[in-house]
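Undergrad: Sequence and predicted model, in that order:
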2 protein chains.
Amino acid sequence: MNVAITRPIVIDPYGTAHPCATCDARQASICNAIPDADLARLASASVGGIAKSGTTFINEGDPASAFFNVTSGIAKLYKLLPDGRRQITGFVGVGHFLGLAVSDTYSFSAEAIDTVRYCRFSRARLREILDDFPLMEQCLLKVASSELVAAQEQMLLLGRKTARERVASFLLTQSRLGSACQNPSMRFELKMTRADIGDYLGLTVETISRNMTKLRTVGAIDVADNTTIVIRDRPALEGLADGTRQGP
Amino acid sequence: MNVAITRPIVIDPYGTAHPCATCDARQASICNAIPDADLARLASASVGGIAKSGTTFINEGDPASAFFNVTSGIAKLYKLLPDGRRQITGFVGVGHFLGLAVSDTYSFSAEAIDTVRYCRFSRARLREILDDFPLMEQCLLKVASSELVAAQEQMLLLGRKTARERVASFLLTQSRLGSACQNPSMRFELKMTRADIGDYLGLTVETISRNMTKLRTVGAIDVADNTTIVIRDRPALEGLADGTRQGP
DNA sequence: CGGTCACTTGATCGTCTTCAATACCAGTGG
DNA sequence: CCACTGGTATTGAAGACGATCAAGTGACCG
């Protein structure tokens, strides 16, 4: 169940800043396109909310009445087939903007992996903001474009890569996430379960598990406590990810 | 080889209209966001071009110096793995806008299936146009959003659907294309080869072929001269596309 | 006519799935 | 403290689906 609060609590001892001014997500999100002077408008157009781990806060097929901007936590986006088969289309974190669908209903569901905080904009209010700040619309277009590129990359993975290559690719992209996109971290945490990874890569839990241990035995990675991954041999992992290098 | 001509030839006996005014693609494309009065600006910002069947007019990895708007013909977009495995990410036709990638290089290749005519905008010129006509940027965002929705649907197909379901889904989406999106046509032509369909659905030519004949033998479709498809039993085909109905 | 190309159909093979058993950990309550 | 539970991950054995390999057809074309 979603618990909507009026606004994320922000410490503002001097009473001068708007919530958006001190928002952790601002740097990473489209809100950055709004100048400081106009943050009040932005703040008044949105409502804060929380989705606890495991709760679904966007439901495929529901009327798409609002847009979300994630301010903390991680969520998974997915689509379902009538018989329950699931495809996770992405994992989204801080600064991610949700709801770009043009249609009148959501084309995907979103479920919180850990506690997710977000700002919620109604369709109409966001339209007003976008009309007033064309820079924000430009920013949205950039975001959509780069997501499109990522989606195409994922199609290549799902359509043409082997299980081994998929897992290696996944670990590499995950390693590039947190670390400010530069000098990808050698050690990182997987917040999602193996089942989630499977539904993201079009594989089963067992196949994920088998290939993780395989990558470990060939010395490409190291796994600690099941969630912490250490990349031991990045070139090897990259080779395994695009088929350049065959596994032994 | 691409043959670039200065501008698509347009019959304009009175010398009043700009090429864009009589462009077949305008209705279906983002150019529709430009008012008639300003078509001269639009026309002067682009250069017409032709790509003959089989020629590649966008190359993955090349500097993304230009954007394309398809005015006639059909092209396939694809990505390659180092060893030659190919994933077609989409087929694009009249009115489709190409090059939404934000990065400095193209993230995909584009090859003409039949003769493709297009208008080519340099990055800089398009930016100018977009700055002057925010409606066009809005339109681009809508386009990008709907492509994103389509991409997610394709991920579901590639990650979780069986070969049968993929082929059925593909035929259904193809049937919805030409016919103005309403009352999907019962009869339509597949312009692409089985190999292309295979690379689009993450399958091999043989699997495409086998499942086409299977769909024919169960009475869902009819195939004439290999390129013409007739949908005989749409509900059955829809059931086979999402796993609701099992094949006999 | 020989050549190529696209498509179809058949037989065999391999990868990933499915089914099943086990281990592990955290939380709960006796 | 230990037994019990539910969720998660690993590993093994059997099975299925699609890939691969191979052959054959028909259309088009120089």
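TA: Thanks, I have it. Residues are numbered from 1 along each chain as shown, chains lettered A, B, ... in the order given.
Undergrad: Show me the strands in chain A, by range?
TA: For chain A, the strands defined by DSSP state E cover A:2-3, A:46-51, A:56-58, A:66-72, A:75-80, A:86-92, A:97-98, A:109-112, A:116-122, A:187-189, A:221-224, A:228-231.
Undergrad: Go through the ones you listed and name the closest to B:Phe108.
TA: Nearest to B:Phe108 among the strands of chain A is strand A:86-92; the distance by CB to CB comes to 18.5 Å. The C-beta positions use only the backbone N, C-alpha and C, and glycine is treated the same way.
Undergrad: what angle do the closest one and strand A:116-122 make?
TA: Here the directions of strand A:86-92 and strand A:116-122 differ by 90 degrees (axes from the mean of the first three to the mean of the last three CA atoms, to 10 degrees).
Undergrad: And the contacts of strand A:86-92?
TA: With contact meaning CB atoms under 8 Å, 6 or more residues apart in numbering or on different chains, strand A:86-92 is reached by A:70, A:74-80, A:98, A:108, A:110, A:113, A:147, A:150-151, A:154, A:191-192, A:196, A:199-200, A:202, B:152, B:155-156, B:159-160.
Undergrad: Near DNA strand C, which residues of chain A? Just list them.
TA: Contact residues, chain A versus DNA strand C (CB under 7 Å from any atom of the strand): A:162-164, A:202-204, A:206-207, A:210.
Undergrad: Of those, which is the most crowded?
TA: For the residues of chain A next to DNA strand C, the largest number of neighbours (other CB atoms under 10 Å in any protein chain shown) sits with A:Gly202, at 24 neighbours.
Undergrad: Find the nearest non-adjacent residue to A:Met192, please.
TA: Distances taken as CB to CB, 6 or more residues apart in numbering or on different chains put A:Ile113 closest to A:Met192, at 5.8 Å, once the chain neighbours are dropped.
Undergrad: try A:Thr244
TA: Excluding the flanking residues, the one nearest A:Thr244 by CB to CB, 6+ apart is B:Pro82, at 5.3 Å.
Undergrad: And A:Pro134, by the same measure?
TA: B:Pro134 (5.3 Å).
Undergrad: Double-check the one you found against A:Met136; I have them as touching.
TA: No - B:Pro134 is beyond contact range of A:Met136, at 11.4 Å (criterion: CB atoms under 8 Å).
Undergrad: Walk me through the domains of chain A.
TA: Structural domains annotated on chain A: A:2-134, A:161-242, as defined by automatic domain parsing.
Undergrad: Mind checking if the shortest one is in reach of DNA strand D?
TA: Just to be clear, that refers to domain A:161-242. Yes - shown here: domain A:161-242 in contact with DNA strand D (CB under 7 Å from any atom of the strand) through A:193-195, A:205-206, A:208-210, A:212-213, A:223, A:226-227.
Undergrad: so the residue nearest to A:Met192 sits right up against A:Leu77, yeah?
TA: No - taking contacts as CB under 8 Å, A:Ile113 lies outside contact range of A:Leu77: 10.8 Å.
Undergrad: Which positions within stretch A:61-77 qualify as buried?
TA: Buried positions in stretch A:61-77, judged by neighbour count with 16 or more other CB atoms under 10 Å in any protein chain shown: A:64, A:66-77.
Undergrad: What about the residue nearest to A:Met192, how many residues nearby?
TA: 19.
Undergrad: quick one on the thing from earlier: let me have the residues of chain A next to DNA strand C in TSV, adding pLDDT as columns.
TA: As requested, the residues of chain A next to DNA strand C are exported to TSV (pLDDT from 0 to 100):
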residue	pLDDT
A:Thr162	98
A:Ala163	98
A:Arg164	98
A:Gly202	98
A:Leu203	98
A:Thr204	98
A:Glu206	98
A:Thr207	98
A:Arg210	98
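Undergrad: Redo these as a markdown table? Include distance to chain B.
TA: Listed next are those as a markdown table, based on distance: CB to the nearest CB, whole Å:
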| residue | distance to chain B |
| --- | --- |
| A:Thr162 | 10 |
| A:Ala163 | 12 |
| A:Arg164 | 13 |
| A:Gly202 | 3 |
| A:Leu203 | 8 |
| A:Thr204 | 11 |
| A:Glu206 | 16 |
| A:Thr207 | 13 |
| A:Arg210 | 18 |
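Undergrad: Can you pull the phi and psi angles for A:Ile113?
TA: Phi and psi for A:Ile113, reported as degrees, to the nearest 10, are phi -90, psi -60.
Undergrad: Report the contact partners of it.
TA: Shown here is A:Ile113, whose contacts under the criterion CB under 8 Å, 6+ apart are A:53, A:73-76, A:91, A:191-192, A:196.
Undergrad: In chain A, where is pLDDT below threshold?
TA: In the predicted model, chain A carries pLDDT under 70 at residues A:1-18, A:178-184, A:247-248.
Undergrad: Can you tell me which residue sits nearest the middle of it?
TA: Compute the mean C-alpha point of chain A, and by CA atoms, centre = their mean the closest residue is A:Val92, 1.1 Å away.
Undergrad: gap between that one and DNA strand C?
TA: Here A:Val92 is placed at a distance of 24 Å from DNA strand C (CB to the nearest atom of the strand, to the nearest Å).
Undergrad: Show me what that residue is bridged to.
TA: When bridges are called by DSSP bridges, A:Val92 pairs up with A:Ala75.
Undergrad: for chain A, which helix is longest?
TA: In chain A, with assignment by DSSP state H, the single longest helix is helix A:134-160.
Undergrad: That one: how far from the chain's middle?
TA: Distance, stretch centre to chain centre, for helix A:134-160: 12 Å (CA atoms, centre = their mean, to the nearest Å).
Undergrad: That one packs against which elements?
TA: Packing partners of helix A:134-160 (3 or more CB pairs under 8 Å, 6 or more residues apart in numbering or on different chains; DSSP states H and E): strand A:86-92, helix A:123-132, helix A:163-175, strand B:75-80, strand B:86-92, helix B:134-160, helix B:194-201.
Undergrad: does DNA strand D sit close to it?
TA: No - using CB under 7 Å from any atom of the strand, helix A:134-160 stays clear of DNA strand D, coming no nearer than 8.8 Å.
Undergrad: got the buried residues for that helix?
TA: The neighbour-count check on helix A:134-160 (16+ other CB under 10 Å) flags A:136-145, A:147-160 as buried.
Undergrad: Around A:Val102, count how many other residues there are.
TA: Using other CB under 10 Å, the number of residues around A:Val102 comes to 15.
Undergrad: which one is it nearest to, not counting chain neighbours?
TA: In space, and not counting its chain neighbours, A:Val102 is closest to B:Ser145: 4.6 Å by CB to CB, 6+ apart.
Undergrad: Repeat that for A:Gly243.
TA: Nearest residue to A:Gly243, sequence neighbours excluded (CB to CB, 6+ apart): B:Asp83, at 5.1 Å.
Undergrad: And A:Val167, by the same measure?
TA: Leaving aside its sequence neighbours, A:Val167 sits nearest to A:Asn211 (CB to CB, 6+ apart; 4.3 Å).
Undergrad: With that, I have no additional questions.
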